[in-house]
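Undergrad: Below: sequence and its predicted model.
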Amino acid sequence: MMPEAERFDSNGNPVRDKKKKRKIWLWVLLALLLFIVFDTSFVVCKENEFKLIRRFGRVERTVTQAGLAFKIPFIESVDTIPREIMLYDIPPSDVITSDKKSMIIDSYVLWEVTDPLLFAQTLSCSVANAENRIDILVYNAMKNKISGMTQDEVIRSRDGKMTISDVVAEEDVVNNDIVLEEKTKVVQIKSLTEEIMDHIGTVYEQYGIKILTVEVKKLDLPDDNKQAVYTRMISERENIAAQYTAEGASQAQMIKNTTDKEVSIMLSKAKADAETIRAEGEAEYMHILSEAYADQNKSDFYTFVRSLDAAKESMKSDGSGQKTLILPSDSPIAEVFTQSGFEEVAPSNPE
């Protein structure tokens, strides 16, 4: 049997090889098409994002759990929405206080998406659109709140608290004394962040987002009036310091007067007590004397002792070495020696 003759095309290439190559290309295209269909049929949702599956532009379902989700290829599309806390840095802006002082406030906002479907319907899944809305809300809240506050109130509300030191006088009951004590108390006031958040309220919920906090990075004065404001603030602080000094001096004088009065009262009482004790001592002394003189024997003994004491004092040496006691015969001291058995001895004449 004769083999079939090979056919050739007009270019001289075998017709069989050409069919084989065509089949190969068809299989390659089919495999590529299957891969594309398979790849576009699954959606990968991460932990930090939401997935919105649309069909002809309409949102069919929302994927909120991390993992794989299925969609119809070429018919359904996917939008990605961030699922994390985002930071929006608000540009610095000028605000006017109630006392007509201009201030520059620089702040930032922490926010997140809470309702991805509402976020897509109102803001077209755009973070930029959301930040524009937040900018308007926060700026209006800042302007309205600060316009109702004085510059000092804005500065005090920066940290949400104010420290006050006061010197008070307290009476020590145990020691009967007045003690000066400095007491420091911290007065909690509403911070500027809380004021702004209260003014914003929950209006942001209509966009499917949530503003977590509004923090003030910098609160400053314009350069053109900064020095004037500093000068005025220094003058006000000096006036306040002078007032505190005057009040302190007044309180010090009051405490001094009270202390002097108490000291005078205590001295008068001590002197009165001393006079009372002295009078009681003298009365006791006179009572002892009266008892001593009531009995003749006691009286004689007392006179005898006092005479001996007087003689002893008289016999003390005055530095000349003489210790001779010359007494008249009627002297009480001479009577003591006479009664004691001593006789008067006249000096003998050697001649």
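TA: In hand now; what should we look at? Residues are numbered from 1 along each chain as shown.
Undergrad: looking at this, Ser290 is in a strand?
TA: No: per DSSP: H, G, I helix; E, B strand; the rest coil, Ser290 lies outside any strand segment and is helix.
Undergrad: how many neighbours does it have?
TA: The number of residues packed around Ser290, counting by other CB atoms under 10 Å, is 9. Where C-beta positions appear, they are placed from N, C-alpha and C, glycine not excepted.
Undergrad: Ok, Glu275 next?
TA: Neighbours of Glu275 (other CB under 10 Å): 10.
Undergrad: in a helix, that's where it is, yeah?
TA: Yes: under three-state DSSP, Glu275 sits within a helix.
Undergrad: And the next helix or strand past the host helix or strand of Glu195?
TA: Element membership for Glu195, per DSSP states H and E: helix 192-200. Heading C-terminal from helix 192-200, the first helix or strand you meet, by DSSP H and E, is strand 209-220.
Undergrad: Give me the buried positions along that following strand.
TA: Using 16 or more other CB atoms under 10 Å as the test for burial, strand 209-220 gives Ile209, Ile211, Val214, Val216, Leu219.
Undergrad: Name the residues of the helix holding Glu195 that come out as buried.
TA: Under 16+ other CB under 10 Å, the buried positions of helix 192-200 are Leu192, Thr193, Glu195, Ile196, Met197, His199, Ile200.
Undergrad: What count of nearby residues applies to the residue lying closest to Ile90 once chain neighbours are set aside?
TA: Nearest residue to Ile90 in three dimensions, chain neighbours excluded: Ser107, at 5.1 Å (CB to CB, 6 or more residues apart in numbering). Residues lying near Ser107 (other CB under 10 Å) number 22.
Undergrad: Following element in sequence after the helix or strand encompassing Ser107, please.
TA: Per DSSP H and E, Ser107 falls inside strand 102-113. Sequence order places helix 116-123 as the next helix or strand after strand 102-113, per DSSP H and E.
Undergrad: tell me the mean pLDDT over that following helix?
TA: Per-residue pLDDT values over helix 116-123 give a mean of 91.
Undergrad: got it, and stretch 93-110?
TA: Regarding stretch 93-110, the rounded mean pLDDT is 88.
Undergrad: Just the buried positions in it, please.
TA: Val95, Thr97, Lys101, Met103, Ile105, Ser107, Val109.
Undergrad: So what touches it?
TA: Here stretch 93-110 makes contact (CB atoms under 8 Å, 6 or more residues apart in numbering) with 85-92, 134, 138-139, 142-143, 146-151, 154, 211-222, 225, 229.
Undergrad: Give me the buried subset of the residues you listed.
TA: Buried among those (16+ other CB under 10 Å): 86, 88, 90, 134, 138-139, 142-143, 146, 149, 151, 154, 211, 214, 216, 219, 221.
Undergrad: Narrow those to those in helices?
TA: By the criterion of DSSP state H, membership of the buried ones among the contacts of stretch 93-110 in helices covers Ile134, Val138, Tyr139, Met142, Lys143, Ile146, Gln151, Val154.
Undergrad: Wait, Ala120 touches Val59, no?
TA: Yes: if you go by CB atoms under 8 Å, Ala120 and Val59 touch, sitting 6.2 Å apart.
Undergrad: what sits in contact with each of these two?
TA: Leu52.
Undergrad: Looking at these two, which has the bigger crowd around it?
TA: Ala120 (20 against 15).
Undergrad: Contacts only, for that one.
TA: Residues in contact with Ala120, defined by CB under 8 Å, 6+ apart, are Leu52, Val59, Asp79, Ile81, Gly208.
Undergrad: just to revisit the earlier point, could you identify the most distant pair in the buried residues of helix 192-200?
TA: Pairwise distances among these were taken by CB to CB; the largest, 12.6 Å, belongs to Leu192 and Ile200.
Undergrad: pull the helix or strand with minimum mean pLDDT from this protein.
TA: Here the helix or strand of the chain ranked lowest by mean pLDDT, DSSP states H and E is strand 161-172, holding a mean of 58.
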